[in-house]
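Trainee: need the 3D shape of this:
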Amino acid sequence: MFTSEDLRQIESHGLTPEAVERQIENFRRGFPYLKVVRAASSGDGVIVADQAQADAAVARYEAAAGGLSVVKFVPASGAATRMFKELFEFVNDDKRGKGIDTLLDNIERFAFWPELKRVLPEGADDKTVVSAIVKEGLGYGKKPKGLVTFHAYPEGARKAVEEHLVEGAAYAASNGTARIHFTVSPEHMEGFRELLAEKIPVYEQRFGIRYDISFSVQKSSTDTIAVNLDNTPFRQDDGTLLFRPAGHGALIENLSEIDADLVFIKNIDNVTTDARRGDTVRYKKVLAGLLLGLQERAFGCLRELEAGTADLESIAAFVERELCVKLPAEYDAALLRSILDRPIRVCGMVRNEGEPGGGPFWVANPDGTESLQIAESSQIGPDDMPLMKSATHFNPVDLVCGVRDAQGRKFDLRRYVDPSTGFISSKSSGGRDLRAQELPGLWNGAMACWNTVFVDVPVSTFSPVKVVQDLLRPQHQ
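Mentor: Just a heads-up that it's a prediction; the model follows:
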């Protein structure tokens, strides 16, 4: 199937012919739907912490943070294409929808208005204004969200990446240092480096801390081959194979290389202003404190099992009630040990208010257990769609991860991916239709074999910017 040139191309991606064959076989066979049992809800898979429990969790984290290695992990790859899609349609195709009217009617309310005003010619018409946002001028159509100006302050506007510096100082600093890791695309790396080199001294002085900033790019070895509609390899006009980035699930490789005890994960566009950040900071600490408590208890159970002094019923009760893993009727010490010896994540879940995104579900596993997973609609079969619609919560991507084992060794996170949870999508290249394959999502199938605990968090902790008009919402003004 592959020519000698194909083999060279495959090798240059860090892939093997066998791995590419497996990808093509995935296209042919498809991926199975997730075996969802029911949507998780308050009291049934989603913890609702009262004030005292939340305060105790915050205190636990604050007391422990000085002895922990903490990293804030921010996926920030890719251009903000979707954010400005409607603007491009207006500039390129004269399609003017309500969103364009909203944008232009409120143009001076956007934090980037002073920058935009400086590049506009006198008497600029509507199309010139919009074009200056996405094309020549601000050039936001080719920039990542992290480098878009989000918020205005008296001392000057902040870009999205700066708000992560501010957040990091508030809850991810340990011993005077805030470690933040951004995954970026190679073409945007220099833009991030330049901005942060300028801004970090400002925030270090303001917060009296030091920043330790690192970057990584999505590995080419995680790319997947594209195929034609008949599942044969898609070839570009020059005859070469087409490989595509396989979605954010590829970042499990990057996350696995982070050396830390505790990792906070949050998307680049989910930030708010200083005045509204209180709940975000508090609940990040709540999640972290709850995780530390669960991790300590899990490690204790493992030590008891190792020493042969374990009360299996007591450990089983902890696994079911607190780690949220439903055991089969018959279980043994080996099953309990395998469950306890896994990475653990505590995930904030927001009450469903109609926002798009995955949600928390109970899922049946091959070992006879049921556990919690974050599932996207693409993972759920048509017969189970009513379960998706009945979900009371959705996933805002608000995770705290414990990635060391009871001996303090870093887990190899790649071992805890469920490879059957990838999915196929329809794309195009050069005007030709193709099928693309995405790896299991970073917080979906890539973490399917982790221990997962869901916690109800206020909607005030969720302020995403999916389209540019979202910047007009109160949480960004």
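Trainee: relative to Pro396, how far out is Val459?
Mentor: According to Cβ to Cβ, to the nearest Å, Val459 stands 9 Å off from Pro396. The C-beta positions use only the backbone N, C-alpha and C, and glycine is treated the same way.
Trainee: for Asn175, same thing?
Mentor: Taken as Cβ to Cβ, the span from Asn175 to Pro396 is 29 Å.
Trainee: please apply the same query to Ser220.
Mentor: 30 Å.
Trainee: poorly predicted segments of the stretch 251-400 of the chain, please.
Mentor: Counting by pLDDT under 70, the stretch 251-400 of the chain has low-confidence residues at 354-357.
Trainee: show me where it has its strands.
Mentor: 262-266, 344-351, 359-364, 370-375, 393-394, 398-402 (DSSP state E, counting those that start in this stretch).
Trainee: a markdown table for the ones you listed, including mean neighbour count?
Mentor: Below are the strands of the stretch 251-400 of the chain laid out as a markdown table (neighbours: other Cβ atoms under 10 Å):
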| stretch | mean neighbour count |
| --- | --- |
| strand 262-266 | 23 |
| strand 344-351 | 23 |
| strand 359-364 | 22 |
| strand 370-375 | 25 |
| strand 393-394 | 22 |
| strand 398-402 | 25 |
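Trainee: next, format these as JSON lines and append distance to Asn106.
Mentor: Formatted as JSON lines, the strands of the stretch 251-400 of the chain follow (distance: least, Cβ to Cβ, whole Å):
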{"stretch": "strand 262-266", "distance to Asn106": "27"}
{"stretch": "strand 344-351", "distance to Asn106": "26"}
{"stretch": "strand 359-364", "distance to Asn106": "32"}
{"stretch": "strand 370-375", "distance to Asn106": "34"}
{"stretch": "strand 393-394", "distance to Asn106": "27"}
{"stretch": "strand 398-402", "distance to Asn106": "28"}
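Trainee: which one, of those, ends up nearest to Ala316?
Mentor: Proximity to Ala316 (Cβ to Cβ) singles out strand 370-375 among the strands of the stretch 251-400 of the chain, at 13.7 Å.
Trainee: who are the packing partners of the closest one?
Mentor: Contact analysis of strand 370-375 by 3 or more Cβ pairs under 8 Å, 6 or more residues apart in numbering; DSSP states H and E lists strand 359-364, strand 451-457 as its packing neighbours.
Trainee: which stretch among those comes nearest Glu322?
Mentor: That would be strand 451-457 among these, by Cβ to Cβ, at 7.6 Å.
Trainee: and the contacts of that closest one?
Mentor: Applying Cβ atoms under 8 Å, 6 or more residues apart in numbering, the external contacts of strand 451-457 come out as 40, 42, 45-49, 279, 283, 286-287, 290-291, 294, 298, 322-325, 339-340, 342-351, 360, 371-374, 393, 396, 398.
Trainee: and the residue lying closest to Gly176 once chain neighbours are set aside, backbone torsions?
Mentor: Counting by Cβ to Cβ, 6 or more residues apart in numbering, Gly176 lies nearest to Ile209, which is 5.4 Å off, once chain neighbours are set aside. Main-chain torsions, Ile209, degrees, to the nearest 10: phi -130, psi 180.
Trainee: I'd say Ile209 and Ala178 touch.
Mentor: Yes. In this structure, Ile209 is within contact of Ala178 by Cβ atoms under 8 Å, at 5.6 Å.
Trainee: what sits in contact with each of these two?
Mentor: By Cβ under 8 Å, 6+ apart, the residues touching both Ile209 and Ala178 are Ala169.
Trainee: could you list the domains of this protein?
Mentor: What automatic domain parsing lists as the domains of the chain is 4-77+161-476, 84-143.
Trainee: go through those domains and name the closest to Ala152.
Mentor: domain 84-143 (4.0 Å).
Trainee: what's the end-to-end length of the closest one?
Mentor: Domain 84-143 has its terminal residues 10 Å apart, counting by Cα to Cα, to the nearest Å.
Trainee: equivalent analysis for stretch 134-154, please.
Mentor: 25 Å.
Trainee: just stretch 317-334 next, same as before
Mentor: 16 Å.
Trainee: cool, stretch 180-199 as well?
Mentor: Counting by Cα to Cα: the opening and closing residues of stretch 180-199 are 14 Å apart.
Trainee: which parts of that stretch are buried?
Mentor: Ile180, His181, Phe182, Thr183, Val184, Ser185, His188, Gly191, Phe192, Leu196, Lys199 (16 or more other Cβ atoms under 10 Å).
Trainee: the first one contacts Ala169, doesn't it?
Mentor: No. Here Ile180 does not reach Ala169: they are 9.6 Å apart, not a contact under Cβ under 8 Å.
Trainee: okay, helices next: where are they in this protein?
Mentor: Here the chain has its helices, by DSSP state H, at 4-12, 17-29, 51-64, 85-93, 98-105, 113-119, 126-134, 160-171, 189-207, 252-256, 278-307, 312-321, 333-340, 385-389.
Trainee: among those helices, which is nearest Gly422?
Mentor: Using Cβ to Cβ, these put helix 17-29 closest to Gly422, at 6.5 Å.
Trainee: what does that closest one contact?
Mentor: 1-2, 7, 10, 224-225, 227, 231, 233, 422, 424, 435, 437.
Trainee: ok, of the residues you listed, which come out buried?
Mentor: The buried subset of the contacts of helix 17-29 - by 16+ other Cβ under 10 Å - is Ile10, Thr224, Ile225, Val227, Pro233, Gly422, Ile424, Arg435, Gln437.
Trainee: run a quick neighbour tally on the nearest residue to the fifth one once chain neighbours are set aside.
Mentor: The shortest distance from Pro233 to any residue that is not its chain neighbour, by Cβ to Cβ, 6+ apart, is 5.5 Å, and that residue is Leu241. The number of residues packed around Leu241, counting by other Cβ atoms under 10 Å, is 19.
Trainee: what do you get for Val397?
Mentor: Close neighbours of Val397, defined as other Cβ under 10 Å, add up to 20.
Trainee: pretty sure it contacts Asp269?
Mentor: No. In this structure Val397 lies outside contact range of Asp269 using Cβ under 8 Å: 9.8 Å.
Trainee: what's the nearest residue to Asp418 once chain neighbours are set aside in contact with, if anything?
Mentor: Distance criterion Cβ to Cβ, 6+ apart; nearest residue to Asp418, sequence neighbours excluded, is Ala448 at 3.7 Å. By Cβ under 8 Å, 6+ apart, Ala448 lies in contact with Val363, Gln373, Tyr416, Val417, Asp418, Thr421, Pro440.
Trainee: from memory the first one sits against Leu372, does it?
Mentor: I take that to be Val363. Yes. Taking contacts as Cβ under 8 Å, Val363 lies within contact range of Leu372: 7.3 Å.
Trainee: tell me which of Ile209 and Ala178 has more neighbours.
Mentor: Ala178 (26 against 18).
Trainee: ok, the more buried one touching Gly168?
Mentor: Yes. Ala178 is in contact with Gly168 according to Cβ under 8 Å; the separation is 4.1 Å.
Trainee: find residues that contact each of these two.
Mentor: Lys72, Tyr211.
Trainee: coming back round to it: now, of the helices of the chain, which is deepest in the fold?
Mentor: Neighbour counts (mean count of other Cβ atoms under 10 Å) averaged over each of these peak at helix 160-171, with a mean of 23.
Trainee: quick one: that one to chain centroid distance?
Mentor: In terms of Cα atoms, centre = their mean, to the nearest Å, the centre of helix 160-171 is set 16 Å apart from its chain centre.
Trainee: same question, stretch 206-226
Mentor: Per Cα atoms, centre = their mean, the centroid offset for stretch 206-226 relative to its chain is 13 Å.
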